[in-house]
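Asker: Attaching a predicted model along with its sequence, questions to come.
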Amino acid sequence: MNSVVRLVATLTLLTGLAACEAVPAYQRGDLARTEMAFDPDPLESRLNQHIYFSKEASTGGNGVAAGGCGCN
Amino acid sequence: MSDTRTDLTLFDVEFQAMGTRCTISLYADSSDNARSQCEVVIADVARLENKYSRYLSDSFLSEINAVAEVGGALTVDEETAALLDYAESCFVESDGLFDITSGLLRRAWNFQPEGQTELPDADVLAALLERVGWDRLDWESPLLIFDTPGMELDFGGIVKEYAADRAATLLREAGVDHALINLGGDICVTGPQHGGDPWRVAISDPSNPESPLRLVALSQGALASSGSYARCIEIEGVKYGHLLNPRTGHPFIGTAAATVLADQCIVAGSLATIALLKNSEASQFLEQMQLPFLLIDQNRVIFDRLDL
Amino acid sequence: MHSKTLLALTSSALALPGVVAVSSAHADTPPAVSVLSYRASSYKEDDLDASALLAGSAERYDIKVHQLRYSAPVGEKYSFSLDSSYESMSGASPWYTVESVNGDAKVAMSGATIYEKRRDITASGRRYFDSGNLGISLTISDENDYRSNSMAVDGSFTLANNSTTISGGASYSDDELSPTDALLFNRIPSATKANSSAFVSVTQILNQFSILQSGISTARASGFLSDPYKLVDRRPEERNQFTWTTSWRRYFRAQTSALHANYRYYDDDFGVSSHTLDLSLHKTFRRSITLVPSLRYYQQDAANFFTPASDFLQASDFNSADFRLSSYGALSAGLKLNARVGKYTFVLSGERYKADASLGGSGASSPGIIDFTRLSAGIDFTF
């Protein structure tokens, strides 16, 4: 199971590099909206990561890891 | 490619659009070829004029203003939405001085020669001001909502500059890398002259339009000017320029002119206009932009910052 | 440094069809504005079901968090941000779990109410280049029985096609535990652990309205990984973790809404693997009000050495009855409201998290899993 997921993950990374339709700068207005950001509310996502980390066995996957704490 | 050829001559292709004289200067082997390379631009400028002219009753702007007149909402296309977004940025960045709803105030002021000899009635101005203000309408892209009836939009301060920017892109896409576009003083270049020399653009003395005040070298980007010299009126010995302050409903006392160089003509043009609307703070505002500019303020003090 | 006005007008101008940036390279630039944000949050764990309680208080943690963030551009090439939080908690936590006569597991809670405080501060700096950026951050987290110092570096690089961005980073943290009342309860008096992690991701613009990000990360924790406060808890001294994350954003112009979808796969050599899926819709009204309903689904398998009841006999090398290592799943629903008034944005949000053993993956479940409710309010000031 794990090795299958790892393979799928790697393939997705590679296919992500494949050319998609080029979007000219003047058509990027909607992509640049704040609500389209990967992390539109850093304070809330920081708190949520901290809470989930203290309740669940899983962690990581949100860019670089935050510092440790005694909650887990 | 045209770049490698040496038998090219500089041609000026002239046309009339948006109420002004327009010129495209470019290198070609014949006048016919020069003209045909410009057709795409001439057609695009005409398209924008037909879409955004407030003088044409079948323009899209007139359609918008018909809704604005009675109040209500309409959905606009992508291009108009981007222009409204731009107008909103100008409004925000100028603290409400640059306002595309302020054209209504022209009903109280007549800037034609010998147009007006006394100040308008205060009640008339107050009534107009109640229908002026970008913040009175709801712009919820792509939906434009006029809650206050009797308003009016005017893209006059941005569409010609926008057309110049588009012209540069269209020519560059067609491989024309050495052209200068001049839409009645709103200037864009696609690159330096053939051979690498910059274009030399003359900035005229606003009080004496025939005499050039300064030559400026332009290899890339754009130049635009704003001035209240062209049309001004004198009432009871006081000179008023034609730029109207949307907060007071009054034009500014005295005349001034600003020329700004920027990457985009539309940005250069609105910065020049905002500077003049800032009146006594014009030079301070333009200094903050850190762009080359030339300003003649209402005291006729010349700020020459073209050689930044 | 160019003025904020020029940056604002230029970015609006570049959104016009046919208006392009003059320089061909798309330079990465710091944010145009400074933001100061404050949030006050409260999250309260639901009381333990009386039928699952053996001894102690059924009341669980009640936690208050204050967060402050300042971020600002520094010149044309740098940005800086400072994040800090102060957390105070009170309540009881599970001490041990036993199997009752009818075979159900029951939880014994620590008798006294525990009061704890935690403070953390993160300082980050970022340098922007023509086609990328590089950042570094330092974090200190401090509690009376736990201290963590960590450092992270990350960077991203946009390829010549201007549509693909490659990002990567690494972090290291050095943690020190000093459990309270160690002598009294025969706890370990002090211990250390270290965490290191690395990630790589690819962000791809798919079209005018959608963007996709996918990345993998690995992390290794080593040192004292057991829970010093549990009566019985012994875990391996090393844990290797892996995640694969995919995030998708799609803008719907007619609905003025952005849809966010995130999926994370996680596994580690404790034997835990999990799936996390969250969806949220960011709907904007009148350009100034944003409403964000969200849903999150989480499911995990139990760790290999998880036992529903505490293994007082220490029959196996490793054992833990910590509910966080049990098999369970959780559903949570949230709602957020943002209202922008000039330079201020007011934020109100809440989340309800419900855990259920029946939603879990493989392995044994625990009676100690918890539900919680979070409420937050705050304000952002942009200048």
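Answerer: Arrived safely.

Asker: For residue B:279, give me its contacts.
Answerer: B:252, B:256, B:298 (CB atoms under 8 Å, 6 or more residues apart in numbering or on different chains). C-beta: built from backbone N, CA, C; applies to glycine.

Asker: Phi first, then psi, for it.
Answerer: Per-residue torsions, residue B:279: phi 60, psi -110 (degrees, to the nearest 10).

Asker: still on that earlier bit, just the closest of the contacts of residue B:279 to chain A, please.
Answerer: Taking CB to the nearest CB as the measure, chain A sits nearest to residue B:256 out of the contacts of residue B:279, at 32.7 Å.

Asker: is it true that the closest one touches residue B:239?
Answerer: No. Counting by CB atoms under 8 Å, residue B:256 stays clear of residue B:239, with 11.0 Å between them.

Asker: higher neighbour count, those two?
Answerer: When neighbours are counted by other CB atoms under 10 Å in any protein chain shown, residue B:256 comes out ahead of the other of residue B:256 and residue B:239, with 26 against 16.

Asker: Find me the pLDDT at that one, would you?
Answerer: On pLDDT, residue B:256 comes in at 86.

Asker: related to what we said a few turns ago, among the contacts of residue B:279, which ones are in strands?
Answerer: residue B:252 (DSSP state E).

Asker: In JSON lines: the contacts of residue B:279, plus distance to chain A.
Answerer: Compiled in JSON lines, the contacts of residue B:279 are given as follows (distance: CB to the nearest CB, whole Å):
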{"residue": "B:252", "distance to chain A": "34"}
{"residue": "B:256", "distance to chain A": "33"}
{"residue": "B:298", "distance to chain A": "37"}
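
Asker: Kindly present the contacts of residue B:279 as JSON lines, with separate columns for distance to residue C:82.
Answerer: Formatted as JSON lines, the contacts of residue B:279 follow (distance: CB to CB, whole Å):
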{"residue": "B:252", "distance to residue C:82": "44"}
{"residue": "B:256", "distance to residue C:82": "43"}
{"residue": "B:298", "distance to residue C:82": "45"}
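
Asker: what about the strand of greatest length in chain B, near chain C?
Answerer: Longest strand in chain B, counting residues (DSSP E): strand B:208-218. No. Against chain C, strand B:208-218 shows no contacts by CB under 8 Å from any CB of the partner chain, the least distance being 11.7 Å.

Asker: Do the helix or strand following that strand and chain C come into contact?
Answerer: Using DSSP states H and E, the helix or strand that follows strand B:208-218 in sequence is strand B:221-227. Yes. Against chain C, strand B:221-227 shows contacts by CB under 8 Å from any CB at residue B:221.

Asker: Against which helices or strands is strand B:221-227 packed?
Answerer: Packing partners of strand B:221-227 (3 or more CB pairs under 8 Å, 6 or more residues apart in numbering or on different chains; DSSP states H and E): helix B:159-173, strand B:186-189, strand B:257-262, helix B:265-277.

Asker: what's the helix or strand of chain B with the lowest mean pLDDT packed up against?
Answerer: Taking mean pLDDT, DSSP states H and E as the measure, the helix or strand of chain B with the lowest value is strand B:232-235, at a mean of 73. Contact here means 3+ CB pairs under 8 Å, 6+ apart; on that basis strand B:232-235 packs against strand B:238-244.

Asker: the inter-axis angle of the strand it packs on versus strand B:257-262?
Answerer: Strand B:238-244 runs at 30 degrees relative to strand B:257-262, counting by axes from the mean of the first three to the mean of the last three CA atoms, to 10 degrees.

Asker: Of all the residues in strand B:238-244, which ones are buried?
Answerer: Buried positions in strand B:238-244, judged by neighbour count with 16 or more other CB atoms under 10 Å in any protein chain shown: B:239-244.

Asker: Okay, now the unreliable bits of the stretch 151-300 of chain B?
Answerer: Low-confidence segments of the stretch 151-300 of chain B, defined by pLDDT under 70: B:229-232.

Asker: Ramachandran coordinates for residue B:149?
Answerer: The phi/psi pair for residue B:149 (degrees, to the nearest 10) is phi -70, psi 160.

Asker: residues touching it, list them.
Answerer: Residue B:149 is in contact with B:68-71, B:131, counting by CB under 8 Å, 6+ apart.
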